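# Give the three-dimensional model of this entry:
(chains A and B)
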Amino acid sequence: MIVIIGSRHDSVARSIIAALPAAALCSAEDLTRPGWVWSVGSPEPNRWVVDGKVVDDPQVTGVLVRRTYVYPEELVGTHPDDREYLAAESTAFLIFVLSRTGSRVVNPVSDGALGEDVIRPERWMAAAVDLGVDVAPLRLKATGPIRAPKMTTTAEVVGDETFGDAPPHLRAAAAQLAAALGVVYAAFVFDRKQRLVALSANRLPSDAALAALGSLLSIRSRA
Amino acid sequence: MIVVWGALDDPPVSHVLNTLRTRGAEVLHLDRARVGALDFDVTLDREATGWIALDGKRIPLDTISAMYLRPEAQQGGRATSTTACLLAIASILDAVVVNRPAAGRSNLTKPFQLAAISDAGLTVPPTLVTTDPAAARQFVDRHGRVVYKSISGIRSIVATLDATDADRLSGVSTGPVQLQRWIEGIDVRVHVVGTQWFATAIECAATDYRYAGSADDKMAIIATDIDRELGDRLVRLAASMGLLVAGIDLRLTPDDEWFCFEVNPSPGFTFYEDATGQQIAAAVCDLLMNAGASERRTQRNLDSAPRSLIDS
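Next comes the predicted model:
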């Protein structure tokens, strides 16, 4: 089984599930359903709840993470007074589960962060510069608009494969940076000066990238 | 220039601020009101360059040698972008930062951090996180007495359960609950500051000494010592998480076994300092005023993220 961690309101998650026959959604609601068992220093076998069903961890081959937090508004079955607390607890629990599962997690938890927080700018910028990849500086000002850079090309990285319309040397740089960051899937966006502008794992993968992701997530091993 | 970010009525912030000023350090204090009034123009790539400004006075980032962070919860509006900018600066500035925002992030997910503590070779209590009432009951049956506490960084009062509470365990089915074997013994809080440590023993009958209230929960807080090997391991543990300052919670059992529960990245050390006279604030200020390039490098090699972590 491939587990997609996301919201049932996430259209990209739904598209991925439609394209990958082995995939099922693990939603915020699932995180508050009976059946989860995860431990530290204790012999209980680890268990998920996916799409309402209890699933033993060894049955899960891969996990695609499409959320950074669980939001209070998602927990409609919980009393409104408890939603904020339960959302924080569910987020913390999810990070723990993703760090302990024996399945391949895309993208793995990094220093206690999940989803897009794994590839936040101050992390990838430093790594990119260290690798000699040109980076478009990010300017933060208290006043005035922040101009979005004009983006021209994209390299999608899935494991050691690359896709997209970026030229080969930028695709190679993206793959090298992904490896340095421990990122298995992301889209790397470059501007017209061929400087790296943005990283995201949240967009809908191209058909080729999705096929590669499906293959990768079908094999149970850590990235 | 040393930036101290936090509320004046937060004792660790006021202690650090007063100590730095007494020593004649040049300090910029930022609290919620001042953060809202801050102006900035900052460029990020490998470094953070540019300036921040308060009351018309510009402070170039390359003049900031250290930062001490215990930021308050921010209000919305302009303060949100200013806070994000300050956290980004704290993440990558070539300075001593106590602590980098991402360094203590593991404390926002206690079982994740517990696994990291265990991986570092320290003994942790058997812990179960579950929404399964049957698994919870089995865990309680196996261990006899367990504690339950929050999973996230939201503070909770640690409480105990035993087999007589079996009916209550059906409540775990509505959301994940963390259960942990009860460990008998004396609480010891160890504050790691750089390569130093300060150990404080807390003798208290309450399950959670932080909330000891009744006369029966009389508490004694005593400066103590731990052996060098344990101290060195705790220094390494804090360093492995990118923390220059940490409050580590341990318990020493009657069989002289140490259990480690948690590493707090923004410890409220004044509670212990006031009771024992241990010079923790002074040590933190030593670090802020004197730390060299090696501390900065160690921190900068670790990942960073804009997230604040407070042990209030």
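# So what does the closest residue in space to residue B:2 that isn't next to it in sequence look like in phi/psi?
Counting by C-beta to C-beta, 6 or more residues apart in numbering or on different chains, residue B:2 lies nearest to residue B:66, which is 4.6 Å off, once chain neighbours are set aside. Any C-beta I mention is one placed from the backbone N, CA and C, and that applies to glycine too. Backbone torsions of residue B:66, given as degrees, to the nearest 10, read phi -160, psi 160.
# my guess is residue B:66 contacts residue B:3, does it?
Yes: if you go by C-beta atoms under 8 Å, residue B:66 and residue B:3 touch, sitting 7.4 Å apart.
# Test my guess that residue A:187 contacts residue A:197.
No: using C-beta under 8 Å, residue A:187 makes no contact with residue A:197, being 11.0 Å away.
# all helices for chain B, in order.
Ranges of helices in chain B, per DSSP state H, are B:11-22, B:32-37, B:78-92, B:110-119, B:133-143, B:228-240, B:270-276, B:280-290, B:293-300.
# is it possible to export those to TSV including mean neighbour count, mean pLDDT and distance to chain A?
Listed next are those as TSV, based on neighbours: other C-beta atoms under 10 Å in any protein chain shown; pLDDT from 0 to 100; distance: least, C-beta to the nearest C-beta, whole Å:
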stretch	mean neighbour count	mean pLDDT	distance to chain A
helix B:11-22	19	97	22
helix B:32-37	15	89	10
helix B:78-92	21	90	5
helix B:110-119	22	95	4
helix B:133-143	19	95	5
helix B:228-240	17	96	11
helix B:270-276	18	96	24
helix B:280-290	20	96	22
helix B:293-300	16	54	8
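# By mean pLDDT, flag the weakest helix or strand of chain A.
strand A:138-141 (a mean of 90; mean pLDDT, DSSP states H and E).
# Identify each buried residue in the following helix or strand past that strand, please.
Using DSSP states H and E, the helix or strand that follows strand A:138-141 towards the C-terminus is strand A:151-158. For strand A:151-158, the neighbour count (16 or more other C-beta atoms under 10 Å in any protein chain shown) marks A:153, A:154, A:155, A:156, A:157, A:158 as buried.
# For the third one, list each beta-bridge partner.
What it means is residue A:155. residue A:188 (DSSP bridges).
# my guess is it contacts residue A:185, does it?
No: using C-beta under 8 Å as the test, residue A:155 is too far from residue A:185 to be in contact (11.8 Å).
# which residues does residue B:284 contact?
B:16, B:19, B:68, B:98, B:193, B:245, B:269 (C-beta atoms under 8 Å, 6 or more residues apart in numbering or on different chains).
# The fourth one: neighbour count?
Here the count is done by other C-beta atoms under 10 Å in any protein chain shown, and residue B:98 has 28 residues near it.
# What score does it have for pLDDT?
pLDDT for residue B:98: 96.
# Isn't it up against residue B:289?
No: counting by C-beta under 8 Å, residue B:98 does not reach residue B:289; the two are 11.5 Å apart.
# Enumerate the residues of the stretch 101-250 of chain B near chain A.
B:102-103, B:105-115, B:118, B:124-133, B:135, B:138-139, B:150-154, B:172-176, B:242 (C-beta under 8 Å from any C-beta of the partner chain).
# From those residues, keep the buried residues only.
So, of these, B:102-103, B:105-115, B:118, B:124-133, B:135, B:138-139, B:150-153, B:172-176, B:242 end up buried under the neighbour-count rule (16+ other C-beta under 10 Å).
# In strands, which of those fall?
B:127, B:128, B:129, B:130 (DSSP state E).
# pLDDT and distance to residue B:219 added to those residues, as JSON lines?
What follows is these, written out as JSON lines (pLDDT from 0 to 100; distance: C-beta to C-beta, whole Å):
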{"residue": "B:127", "pLDDT": "97", "distance to residue B:219": "26"}
{"residue": "B:128", "pLDDT": "97", "distance to residue B:219": "29"}
{"residue": "B:129", "pLDDT": "97", "distance to residue B:219": "29"}
{"residue": "B:130", "pLDDT": "97", "distance to residue B:219": "32"}
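# Turn those residues into CSV, columns for distance to residue A:64.
Conversion of those to CSV gives the following (distance: C-beta to C-beta, whole Å):
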residue, distance to residue A:64
B:127, 27
B:128, 27
B:129, 22
B:130, 24
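# and the closest residue in space to residue A:23 that isn't next to it in sequence, what does it touch?
Sequence neighbours aside, residue A:2 is the residue nearest to residue A:23 in space, at 4.2 Å (criterion: C-beta to C-beta, 6+ apart). For residue A:2, the contacting residues are A:20, A:22, A:23, A:24, A:60, A:61, A:62, A:63, A:64, A:214, A:217, A:218, by C-beta under 8 Å, 6+ apart.
# what's the closest of these to residue A:42?
Lowest distance from residue A:42 to the contacts of residue A:2 (C-beta to C-beta) belongs to residue A:60, with 19.8 Å.
# Leaving out chain neighbours, which residue sits closest to that closest one?
Among residues not flanking residue A:60 along the chain, residue A:103 sits closest, at 4.4 Å (C-beta to C-beta, 6+ apart).
# What of residue B:236?
Per C-beta to C-beta, 6+ apart, closest to residue B:236 is residue B:120, 7.3 Å.
# ok, now residue A:154?
Closest to residue A:154 by C-beta to C-beta, 6+ apart is residue A:164, at 4.5 Å.
# what about the one you found, how many neighbours?
Using other C-beta under 10 Å: residue A:164 sits among 20 other residues.
# pretty sure it is touching residue A:205, no?
No: counting by C-beta under 8 Å, residue A:205 is not a contact partner of residue A:164; they are 10.1 Å apart.
# list residues touching both of those two?
The contact lists of residue A:164 and residue A:205 share A:156, A:187, where a contact means C-beta under 8 Å, 6+ apart.
# And the pLDDT at residue 73?
The chain I'm using is chain A. 94.
# You answered for a different chain; I wanted chain B.
Looking at residue B:73, its pLDDT is 78.
# Quick check: it vs chain A, distance?
From residue B:73 across to chain A, the span is 13 Å (C-beta to the nearest C-beta, to the nearest Å).
# Over to residue B:251?
15 Å.
# so residue A:94 sits right up against residue A:6, yeah?
No: counting by C-beta under 8 Å, residue A:94 does not reach residue A:6; the two are 11.1 Å apart.
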